[in-house]
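*Asks:* sequence and predicted model, in that order:
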Amino acid sequence: MKKVVNIIIFGLLLLIFGSYMFTYQVRQDEIAFVNTLGKDSDPIEEPGLRAKWPWPIQSVYKFDKRVHVKTTRYDQVMTSAGENEGSASVMMQFYFGWKIDNPSLFMKGTKGSDSEARLRDAEKKLLEIVDTEKNNQVNQVAMGYGSFVNDGEASAKVDFDRLEASILTAAKDKAEKLGVAIEFVGIRKVGVPQSNLDVVLNAMVTQWTNAAGTTVHLAQQEAEAIRKKAQSDKENAVQKAQLEADAMLAKAQADALQQFKALEQDPELAAFLMQLEALEKSVKKQTTLILDDTMGPFGLLRGLKTPAVNPDSGDGAEGKE
């Protein structure tokens with residue numbers, strides 16, 4: 001029984017090994033080539049299981065036909081400012097997406113012992129193409145790293161979308177010779193070279209200092225305007241109050257003068273009215289006063305003298321208290 005089990009296991013292993021040696025599978029997202037004694041077959045794009053002779057008679061190359069994304073190096077790119085100027089270069093990194101567009105041309109344009117080696121060779125050549133075109137295009141549109149900074153001068157600022165489109169157009173034409181289609185190109189990172197970092201920082205500090213000085217100056221002007229307005233409002237308010245006080249005083253003096261003229265006609269009546277008013281004000285509230293009736297207006301409390309009768313009236317009676 002044990003011998004039968006061993007034979008079955010050996011047969012299964014032989015079948016698996018044989019299927020690996022004599023068959024290959026093409027997936028939905030793959031392109032395959034069968035190399036027979038150094039000669040490549042036509043591209044196989046239909047998915048399915050197929051037979052083949054084992055190596056070294058036949059070798060199978062399989063490539064992913066979906067879009068591959070690759071990132072360039074983060075290195076210096078020269079601008080049109082010139083190599084001798086401090087702001088001539090800028091640090092940039094790009095990314096791009098590519099896929100196999102012409103499988104037969106791709107096999108002819110790449111080298112390698114297997115599929116992975118050919119893919120690495122293709123990516124190496126594509127990196128050289130994109131690096132070359134990014135240097136060419138950046139050199140045409142940028143005057144320095146300041147062109148990538150939003151400093152308010154729209155005319156000097158680099159249009160990223162247009163730069164990416166120009167690099168894509170130029171690189172796409174060269175990539176077609178490799179049987180590859182570059183689908184997109186994008187800017188991943190923009191920076192300042194270390195050699196120019198101090199210059200940039202000093203420029204930024206200067207810009208911030210100027211902006212702060214401008215802000216302080218404007219604030220001082222606004223504060224001075226507020227102080228002047230407050231002082232002017234104060235002087236106007238004092239002048240207005242003084243005019244109103246002078247008008248009220250003049251009116252009071254005129255009223256008093258008119259009253260004095262009226263009271264001059266009967267001095268005794270004027271004195272009586274003044275004493276009566278003083279007495280009314282002193283006892284206006286519920287107050288008990290203990291005072292000498294000879295003081296001030298309180299003599300009125302003793303009573304009034306009866307006016308004397310005129311002798312010519314015919315009444316012989318004399319005035320009494």
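*Replies:* Here it is on my side, so go on. Numbers count the residues shown, from 1 in each chain.
*Asks:* output the contacting helices and strands for the helix ranked longest in the chain.
*Replies:* When the chain is parsed with DSSP state H, its longest helix is helix 197-263. Helices and strands touching helix 197-263, by 3 or more Cβ pairs under 8 Å, 6 or more residues apart in numbering; DSSP states H and E, are helix 267-282. The way it works is simple: take the backbone N, C-alpha and C, and place the C-beta from them, glycine included.
*Asks:* same for the helix it packs on, what does it pack against?
*Replies:* On a contact count with 3+ Cβ pairs under 8 Å, 6+ apart, helix 267-282 meets helix 197-263.
*Asks:* just how off-centre is the helix it packs on within its chain?
*Replies:* Relative to its parent chain, helix 197-263 has a centroid offset of 36 Å by Cα atoms, centre = their mean, to the nearest Å.
*Asks:* ok, stretch 91-105 next?
*Replies:* For stretch 91-105, the distance to the chain centre is 35 Å (Cα atoms, centre = their mean).
*Asks:* give me the buried positions along it.
*Replies:* Going by neighbour count (16 or more other Cβ atoms under 10 Å), the buried part of stretch 91-105 is 91, 92, 93, 94, 96, 97, 98, 100, 101, 102, 103.
*Asks:* just put these in CSV and tack on distance to residue 271 and secondary structure.
*Replies:* Formatted as CSV, the buried residues of stretch 91-105 follow (distance: Cβ to Cβ, whole Å; DSSP: H, G, I helix; E, B strand; the rest coil):
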residue, distance to residue 271, secondary structure
91, 106, strand
92, 107, strand
93, 108, strand
94, 111, strand
96, 115, strand
97, 115, strand
98, 120, strand
100, 127, strand
101, 126, coil
102, 130, coil
103, 132, helix
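*Asks:* tell me which of those residues is nearest to residue 258?
*Replies:* Minimum distance to residue 258 across the buried residues of stretch 91-105 is 95.3 Å, recorded for residue 91 (Cβ to Cβ).
*Asks:* so the closest one sits right up against residue 74, yeah?
*Replies:* Yes - contact criterion Cβ atoms under 8 Å: residue 91 and residue 74 qualify, at 6.2 Å.
*Asks:* anything in contact with each of these two?
*Replies:* Residues touching both residue 91 and residue 74 by Cβ atoms under 8 Å, 6 or more residues apart in numbering: 189, 191.
*Asks:* CA atoms only: put the helix or strand residue 167 falls within into PDB for me.
*Replies:* Element membership for residue 167 (DSSP states H and E) is helix 160-175. Extracted C-alpha coordinates of helix 160-175, given in PDB (Å, rounded to 0.1, in the frame of the first residue of the first chain):
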ATOM      1  CA  PHE A 160       3.300  73.600 -14.500                       C
ATOM      2  CA  ASP A 161       0.600  72.100 -16.700                       C
ATOM      3  CA  ARG A 162       2.200  73.500 -19.900                       C
ATOM      4  CA  LEU A 163       5.600  72.300 -18.800                       C
ATOM      5  CA  GLU A 164       4.400  68.800 -18.200                       C
ATOM      6  CA  ALA A 165       2.600  68.700 -21.500                       C
ATOM      7  CA  SER A 166       5.600  69.900 -23.400                       C
ATOM      8  CA  ILE A 167       7.800  67.200 -21.800                       C
ATOM      9  CA  LEU A 168       5.200  64.600 -22.500                       C
ATOM     10  CA  THR A 169       5.000  65.600 -26.200                       C
ATOM     11  CA  ALA A 170       8.800  65.600 -26.700                       C
ATOM     12  CA  ALA A 171       9.400  62.300 -24.800                       C
ATOM     13  CA  LYS A 172       6.500  60.500 -26.400                       C
ATOM     14  CA  ASP A 173       8.000  60.800 -29.900                       C
ATOM     15  CA  LYS A 174      11.300  59.300 -28.800                       C
ATOM     16  CA  ALA A 175       9.600  56.500 -26.700                       C
END
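*Asks:* so what touches it?
*Replies:* Residues from elsewhere that reach helix 160-175 (Cβ under 8 Å, 6+ apart): 94, 96, 98, 126, 129-130, 133-134, 136-138, 141, 181-182, 184-187.
*Asks:* and stretch 29-45, what's its mean pLDDT?
*Replies:* Per-residue pLDDT values over stretch 29-45 give a mean of 80.
*Asks:* ditto for stretch 109-117
*Replies:* On average, stretch 109-117 scores 88.
*Asks:* ok, stretch 55-75 next?
*Replies:* Averaging pLDDT along stretch 55-75 gives 87.
*Asks:* now it: how far from the chain's centre is it?
*Replies:* 43 Å.
*Asks:* what's the end-to-end length of that stretch?
*Replies:* 43 Å (Cα to Cα, to the nearest Å).
*Asks:* check stretch 104-119 too.
*Replies:* 14 Å.
*Asks:* list the buried residues of it.
*Replies:* Residues 106, 107, 109, 110, 115, 118, 119 are the ones in stretch 104-119 that count as buried (16+ other Cβ under 10 Å).
*Asks:* that concludes my questions; thank you for your assistance.
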